[in-house]
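> Coordinates for the following, if possible.
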Amino acid sequence: MRPGDIVVDAFIELDRDSADVSTDMDTGRLTLHMPFGQKLPYKDVDVVYAVGNSPNAAVSAHRLGLRSALVTNLGHDRNGDDCLTQLRKEGVDTDFVKIHEGKATNYHYVLRYGAERTILIKHEEFPYQLPQFPTPPRYLYFSSVAENGVALHHDVAAYLTAHPETKLAFQPGTFQIRLGVEELRDLYQVTEIFFCNKEEAQQILKTDEQDMPTLLRRMRDLGPRIPVITDGPNGAFALDSDDHAWFMQMYPDPKEPVSRTGAGDAFASTFTSAIILGEPVGTALAWGPINSMSVVQHIGAQKGLLTRAELLEYLKNAPDFYRPKQLD
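All right, here's what the predicted structure looks like:
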């Protein structure tokens, strides 16, 4: 079961003659530049329906062989109809998708510059509500919602407290990280698997700590039993239930990435699916980067998602260096 926002992404490939990117030499921050007040050509546009952290995870889990349902909100409009059609095409259960009169389905503009992107976002304020599930799901996968969704976090925490047979995978978005640990302490304390990147971990923990095993253990102290922290090209790290820290490097790209959108969702959802399927933390860490590698070879966050058979074939043919490493 995957609660979270759903969007339509319009990927606009910018013309390199009309846009460029600069790097701040002090901070390393990248800035996209385009002439103001002009009509600028673009190279191409691809519209992708039914995406977002939780929808991406729902599709990923289904392709890996799990039953998957999505808890989300759509506007009563053409984009909402197209999102619903796409979810059903992917085999995702839509019984918990709510259609709202007078609301617009979330629509984002993704400005592509090479494999990187800048996203223009606008979240409709839907009334968030956790549904009455006929039977408790094995896992809830909770990710980004709009800023009016604070109460939903506490509803999820209360549900998990009342139903300990259901476990939570939490992949917070920017707003949820900004809320801070104190506001979401009840949710952190009932989390089974937690995902963030290194910079987000430092922000959550209010530290400049660089040692990944230390960050993992400090994150676990907040409540999550299996914290997972990614570090871009430097790989991914996780802590298992026996307090062992694990490291996994990136799976090598077969060719230059087309778009990095969805790589993080692919990793987190695949790791979670592996754990649900009974794999240990080290193996789950090896599964995640393979799906990320496949996703970045395509436009959109879902087209490159692999079936379990396809993923295991990649793992079987992986280079000798591609093995999870126990750090301590």
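
> Please count neighbours and contacts with C-alpha atoms only from this point.
OK.

> Got the confidence number for the nearest residue in space to D186 that is not next to it in sequence?
Leaving aside its chain neighbours, D186 sits nearest to A157 (6.0 Å; criterion: C-alpha to C-alpha, 6 or more residues apart in numbering). If you check A157, the pLDDT there is 97.

> Likewise for G52?
pLDDT, G52: 91.

> ok, back up a step: helix, strand or coil for the residue nearest to D186?
Here A157 is recorded as helix under DSSP: H, G, I helix; E, B strand; the rest coil.

> is it true that it touches E192?
No. Applying C-alpha atoms under 8 Å as the test, A157 and E192 come out as separate, 11.7 Å apart.

> Tell me which residues of stretch 35-54 come out buried.
42, 48-54 (16 or more other C-alpha atoms under 10 Å).

> what's the most distant pair in these?
By the measure C-alpha to C-alpha, Y42 and S54 form the most distant pair in the buried residues of stretch 35-54, at 29.6 Å.

> Need phi/psi at M219.
phi -70, psi -40 (degrees, to the nearest 10).

> My guess is it contacts A201. True?
Yes. Judged on C-alpha under 8 Å, M219 makes contact with A201 at a distance of 7.5 Å.

> pretty sure G264 contacts M293?
No. Contact between G264 and M293 fails when scored by C-alpha under 8 Å: they sit 10.3 Å apart.

> How far off centre is stretch 97-106?
Averaging C-alpha positions (C-alpha atoms, centre = their mean, to the nearest Å) puts stretch 97-106 22 Å from its chain's average.

> cool, and stretch 218-234?
The chain centroid and the centroid of stretch 218-234 are separated by 14 Å, computed with C-alpha atoms, centre = their mean.

> Can you get me the start-to-end distance on it?
End-to-end distance of stretch 218-234 (C-alpha to C-alpha, to the nearest Å): 20 Å.

> List the contacts of that stretch.
Stretch 218-234 is contacted from outside by 185, 188-198, 201, 205, 212, 216-217, 236-241, 249-250, using C-alpha atoms under 8 Å, 6 or more residues apart in numbering.

> State which strand of this protein is the longest.
As assigned by DSSP state E, the longest strand anywhere in the chain is strand 42-51.

> same for that strand, what does it pack against?
Judged by 3 or more C-alpha pairs under 8 Å, 6 or more residues apart in numbering; DSSP states H and E, the packing partners of strand 42-51 are strand 7-14, helix 78-89.

> Send me that strand as CSV with only the CA atoms.
These are the backbone C-alpha positions of strand 42-51, laid out as CSV (Å, rounded to 0.1, in the frame of the first residue of the first chain):
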residue,chain,number,x,y,z
TYR,A,42,12.8,23.7,-27.1
LYS,A,43,13.8,20.4,-28.6
ASP,A,44,11.1,18.0,-27.5
VAL,A,45,8.4,17.3,-24.9
ASP,A,46,7.3,14.0,-23.3
VAL,A,47,4.2,13.9,-21.1
VAL,A,48,4.2,11.1,-18.5
TYR,A,49,1.2,10.2,-16.4
ALA,A,50,0.7,8.8,-12.9
VAL,A,51,4.2,9.5,-11.5
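
> Adjacent strands (with direction) for that strand?
If you go by DSSP bridges, strand 42-51 pairs up with strand 7-14 (antiparallel).

> Next up, phi/psi of the residue most central in space within the chain, please.
With distances taken as C-alpha atoms, centre = their mean, D265 lies nearest the centre of the chain, 2.8 Å away. D265 has phi and psi values of phi -60, psi -40 when expressed as degrees, to the nearest 10.

> can you give me the strands in the stretch 51-200 of the chain?
Along the stretch 51-200 of the chain, the segments classed as strands by DSSP state E, counting those that start in this stretch run 70-75, 97-100, 107-113, 116-120, 139-142, 167-170, 193-197.

> quick one: contacts of the first one?
Residues from elsewhere that reach strand 70-75 (C-alpha under 8 Å, 6+ apart): 1-6, 54-55, 58, 80, 92-106, 126, 130-131.

> Need the CA coordinates for whichever strand or helix holds F237. PDB is fine.
Using DSSP states H and E, F237 sits within strand 236-239. Output in PDB follows, covering the C-alpha atoms of strand 236-239 (Å, rounded to 0.1, in the frame of the first residue of the first chain):
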ATOM      1  CA  ALA A 236      24.400   3.600  -0.800                       C
ATOM      2  CA  PHE A 237      24.600   2.600   2.800                       C
ATOM      3  CA  ALA A 238      22.300   0.700   5.200                       C
ATOM      4  CA  LEU A 239      22.200  -0.700   8.700                       C
END
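
> All set now, cheers.
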